[in-house]
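In: I'd like to go over a predicted model; first the sequence, then the structure.
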Amino acid sequence: MPTQRTENKKEGLKRDIQALKDHRNIDIDKVGVKDIRYPIVVLDKAKGIQHTIAKINMYVDLPRHFKGTHMSRFIEILNEYRREVTIENFPRILEKMKERLNANSAHLEVEFPYFVEKEAPVSGAKSLMEYGCRFIGTLSDKRDIVIEIMIPVTTLCPCSKEMSERGAHNQRGLVKVALRFKGFVWIEDIISLVESCASSPVYALLKREDEKFVTEHAYDNPMFVEDVVREVALKLKEDGRIRWFRVEAENWESIHNHSAYASLERRL
């Protein structure tokens with residue numbers, strides 16, 4: 001004979017628990033799933049497409065009268081766009097999230113490593129350089145898409161060069177660029193733009209003749225973090241597709257126990 005508890009469990013399977021009314025009268029801004037590892041496809045300027053693995057966060061708002069959201073539906077939506085999670089179909093995925101979860105707003109974050117084949121400046125030796133990228137999308141009464149790209153660079157200190165009789169200290173740094181834009185922007189173009197604003201690009205593979213070139217090139221192009229963010233800003237302003245940007249530069253100082261940092265944000 002089935003017990004009362006068994007009958008209650010069977011009844012629970014029939015009810016939509018998440019859709020039950022909540023009496024605390026509090027809206028939730030974001031609820032969903034986080035840190036999903038998932039294969040995605042990204043457009044590659046040289047190769048056409050690039051397959052990579054992303055870390056994905058998916059959220060919707062939850063009105064005060066619902067007890068919970070349906071977490072499994074987020075994964076179902078991802079599966080529907082299997083290997084087609086690209087910046088181009090971000091709006092469609094966000095719309096599907098709103099529709100499937102009866103939400104007023106949807107939020108999607110996709111973070112992934114992106115690889116660019118680079119040639120060493122003198123030897124021409126080829127290697128793959130990794131860049132961190134993130135696509136951020138929000139859809140409520142309007143749509144908002146932001147791209148973030150993290151570009152490692154080399155900077156040489158102008159002050160050190162001015163004072164020192166033998167050389168100058170340099171260090172690796174990281175430039176983070178966030179963009180809102182119209183039309184289409186290649187990741188590779190933003191990487192090249194930023195690297196041209198530093199003392200030198202960073203490479204995965206350098207031969208001796210390349211190291212000589214890179215260190216001398218950096219010495220001839222000293223840059224503070226302030227110089228880097230200003231130079232990047234000037235070049236982004238020249239691109240008519242860019243509607244808004246934020247630029248951050250951080251140098252992991254080689255002779256100090258701290259980092260140097262600068263940032264700016266502009267709406268065009």
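Out: Structure received. Residues are numbered from 1 along each chain as shown.

In: ok, how many other residues are close to the closest residue in space to Val33 that isn't next to it in sequence?
Out: With C-beta to C-beta, 6 or more residues apart in numbering as the criterion, Val33 has its nearest non-adjacent residue at 4.7 Å, and that residue is Phe74. Placement of C-beta: from N, CA and C, glycine included. Residues lying near Phe74 (other C-beta atoms under 10 Å) number 24.

In: Check the average confidence over the helix or strand hosting Phe74, would you?
Out: Using DSSP states H and E, the element containing Phe74 is helix 71-80. The average of the pLDDT scores along helix 71-80 is 92.

In: what's that helix packed up against?
Out: Where contact means 3 or more C-beta pairs under 8 Å, 6 or more residues apart in numbering; DSSP states H and E, helix 71-80 is packed against strand 28-44, strand 48-62, helix 90-100.

In: Dump the ones you listed to a markdown table, plus mean pLDDT and mean neighbour count.
Out: As requested, the helices and strands packed on helix 71-80 are exported to a markdown table (pLDDT from 0 to 100; neighbours: other C-beta atoms under 10 Å):
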| stretch | mean pLDDT | mean neighbour count |
| --- | --- | --- |
| strand 28-44 | 92 | 15 |
| strand 48-62 | 93 | 17 |
| helix 90-100 | 93 | 18 |
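
In: possible to save the ones you listed as a markdown table with distance to Arg241?
Out: What follows is the helices and strands packed on helix 71-80, written out as a markdown table (distance: least, C-beta to C-beta, whole Å):
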| stretch | distance to Arg241 |
| --- | --- |
| strand 28-44 | 15 |
| strand 48-62 | 21 |
| helix 90-100 | 17 |
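
In: His107: which of these is closest?
Out: Each of these was scored for nearness to His107 using C-beta to C-beta, and the closest is strand 48-62 (4.4 Å).

In: Distance from the chain centre to that closest one, please.
Out: 10 Å (C-alpha atoms, centre = their mean, to the nearest Å).

In: I'm done for today, thanks for sticking with me.
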